Structures are given as C-alpha cells and as structure tokens.
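Novice: Structure for the following, please:
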Amino acid sequence: MCDYSRLICHESSLHVPSMIQDDFVMWFDNALSMLNSEELFVVIAVMYYIWKARNHAVWDGYLPAPSCVWREANSAAAAWRNTHSQQIPPKPPMPLPLPLPTGEQLQQCFIDASFRPQTRTASVGVVLMAHDGGFIAGLSARLPAYFSPLMAESLACKEALSWLKNRGLSAVHIFTDCSTLRDLLNSSHSELLSYVGYSIDASRTLMSSFISCSIHLVPRSHNKAAHTLAAEAFSQETPLYWDLIPPNSIAHLF
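Specialist: Below you'll find the model as predicted:
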C-alpha cells in the first residue's frame, strides 16, 4: 500500500500483481502464482532494495529516488545471476518415463483451481479427455479454505491425481495454467519451506505411482473447461462427477 514502493515497481515495468487489501502474505502468494522464476527473482531484489531505502530514510535522513532504487536492484540481480550461474553445475538429464502398457492410449487431464481472496474459499475443476480431444470424465468440487491461489492450485492438483488414481489410470498427461505449480512439480528439490509444501509433496508421490505422469503448462484460453467447472463448484453443496457426457456448461467445448 506504499506509494513510494509502487513508484519503484512502476519504474521496473514488472508485471507485479496489484494488492487490493493490506496483506503482504496474500500479495506475495499471488505473485508466486503469476510470475515466472526470472521475474520473481527480480521482484525479490526490488523488495530488498526497498527495505534498504527505508533504512536510509530512518537512519540517514534521506530517501533515494525510485528510479535509483530500481537501477540498484536490477544491477544487483544481474550481478548475482552472472556470478552464481558460473558456479552451478548443469542439471543432469531427466530420466525417460517407463514404457506404457501395450495398447493403452495416453489420456489428458486438465486441472484448474478457483480462489476467492475475500472469503479465502477455493474450488477445483478437472476434465479428463482422450488423446483425440473427446470427453471422458469430469470433476467439480469445493476445497477447504486456503490462504493463496498457489495453495489452492497445489491442493487441486493433489485432489485430481487422487481421483485419476482411483479411476485406475496408469498413464496420463496433466495440464495446468499455473506456471509456478508446473515448475514446483517438475523441480528436483524435495523440500518446500512453506504450507504449500505438503500438497506439492503429496502430488509428487502420487505422480510417481503412475507408470507415466507428466505435467505441462497451457494458457488459460486452453483450460476453459476445467476453469468453468471450478467456478461453478462454489454454488454446489457436494462434489459433482460426470462420465462420458460433459455437463451443459462445457458441452460446447467438445
């Protein structure tokens, strides 16, 4: 809510999500779900230099211009990246997936979560499709109350994977429009120091139980069916399931 900080973000031209309420945790969780890793790295550098600017104001009696703060943050981020990129060994190649059972077609599962920050309520929409784009099954349900869009997305993924496992699937492609979720699930790191870590670890465990399970990023425009089911779940008292025939709200998409 600080005008000075907003001026610095304006100087940076970063697509930082706006914060309606005075809640830094919700704002940062929203940034995690909307920005890619490079943008988030620069945002963290900017926050650090905003903190340094505040210290100058409190202890030294002067406040640098927003443009100066942005230039210092951007230069520091570039210098750090240049130094550490030379020390990080290249990642080993990802292991190839196990061969699929003979005759099994790889199905596609589209996942989306809906989150209402005012009430901190969330929901999930899942659409399972054949490899040729035909509708197979769908799921629409409310989720427990959560604190951020990323937390909702991560739990939605866990719920979808459990649903797929219970249907007896052994191989599937997962599609999400949340780049942070995709990156976390594809990461080689096993620990996350946040409340999102539980559902991410649970999702990784479920993914490893499939013969083949990969996660991919799609634009929101390609995830309309799952998004629609997630939005409709807020008006439902209990989860809804569909098999073979899609609900009327998304039938025109198939």
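Novice: check contacts around the residue lying closest to residue 155 once chain neighbours are set aside.
Specialist: Leaving aside its sequence neighbours, residue 155 sits nearest to residue 199 (C-beta to C-beta, 6 or more residues apart in numbering; 4.6 Å). Every C-beta, even on glycine, is put in place using the N, C-alpha and C of the backbone. Applying C-beta atoms under 8 Å, 6 or more residues apart in numbering to residue 199 gives the contacts 151, 154, 155, 157, 158.
Novice: same deal with residue 28?
Specialist: Contacts of residue 28 (C-beta under 8 Å, 6+ apart): none.
Novice: what does stretch 227-237 contact?
Specialist: With contacts defined as C-beta under 8 Å, 6+ apart, stretch 227-237 is touched by 112-114, 116, 121, 123-127, 138-142, 156, 177, 220, 239-240, 247, 249-250.
Novice: Alpha carbons only: can I get it in CSV?
Specialist: C-alpha atoms of stretch 227-237 as CSV (Å, rounded to 0.1, in the frame of the first residue of the first chain):
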residue,chain,number,x,y,z
HIS,A,227,-11.9,-23.3,-15.2
THR,A,228,-15.6,-23.3,-15.8
LEU,A,229,-16.2,-26.4,-13.6
ALA,A,230,-14.0,-24.8,-10.8
ALA,A,231,-16.0,-21.6,-10.9
GLU,A,232,-19.4,-23.5,-10.8
ALA,A,233,-18.3,-25.5,-7.7
PHE,A,234,-18.9,-22.5,-5.4
SER,A,235,-22.6,-23.0,-5.9
GLN,A,236,-22.5,-26.7,-5.1
GLU,A,237,-23.0,-28.3,-1.7
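Novice: What are the buried residues along it?
Specialist: 227, 228, 229, 230, 232, 233 (16 or more other C-beta atoms under 10 Å).
Novice: next one: stretch 170-184
Specialist: The neighbour-count check on stretch 170-184 (16+ other C-beta under 10 Å) flags 171, 172, 173, 174, 175, 176, 177, 178, 180, 181, 182, 184 as buried.
Novice: ranges for the helices of this protein?
Specialist: Here the chain has its helices, by DSSP state H, at 3-12, 24-34, 37-55, 66-85, 149-166, 179-186, 197-208, 224-232.
Novice: just these: most buried one?
Specialist: helix 149-166 (a mean of 24; mean count of other C-beta atoms under 10 Å).
Novice: Report the rounded mean pLDDT for that helix.
Specialist: Mean per-residue pLDDT for helix 149-166: 91.
Novice: just how off-centre is that helix within its chain?
Specialist: Computed by C-alpha atoms, centre = their mean, to the nearest Å, the chain-centroid distance of helix 149-166 equals 12 Å.
Novice: In the buried residues of stretch 170-184, find the pair that's most separated.
Specialist: Across the buried residues of stretch 170-184, the longest distance by C-beta to C-beta is 25.0 Å; it joins 171 and 180.
Novice: measure residue 53 to residue 24 for me?
Specialist: Counting by C-beta to C-beta, to the nearest Å, the gap between residue 53 and residue 24 amounts to 17 Å.
Novice: domain ranges for this structure?
Specialist: 3-85, 107-253 (automatic domain parsing).
Novice: mean pLDDT lowest for which of those domains?
Specialist: For those, mean pLDDT drops lowest on domain 3-85, to a mean of 81.
Novice: first to last residue in stretch 13-32, what's the distance?
Specialist: 17 Å (C-alpha to C-alpha, to the nearest Å).
Novice: Could you do stretch 8-25 as well?
Specialist: OK, stretch 8-25 end separation, C-alpha to C-alpha: 19 Å.
Novice: repeat for stretch 135-154
Specialist: Per C-alpha to C-alpha, stretch 135-154 runs 24 Å from first to last residue.
Novice: Quickly note the distance from residue 251 to residue 242.
Specialist: According to C-beta to C-beta, residue 251 and residue 242 sit 10 Å apart.
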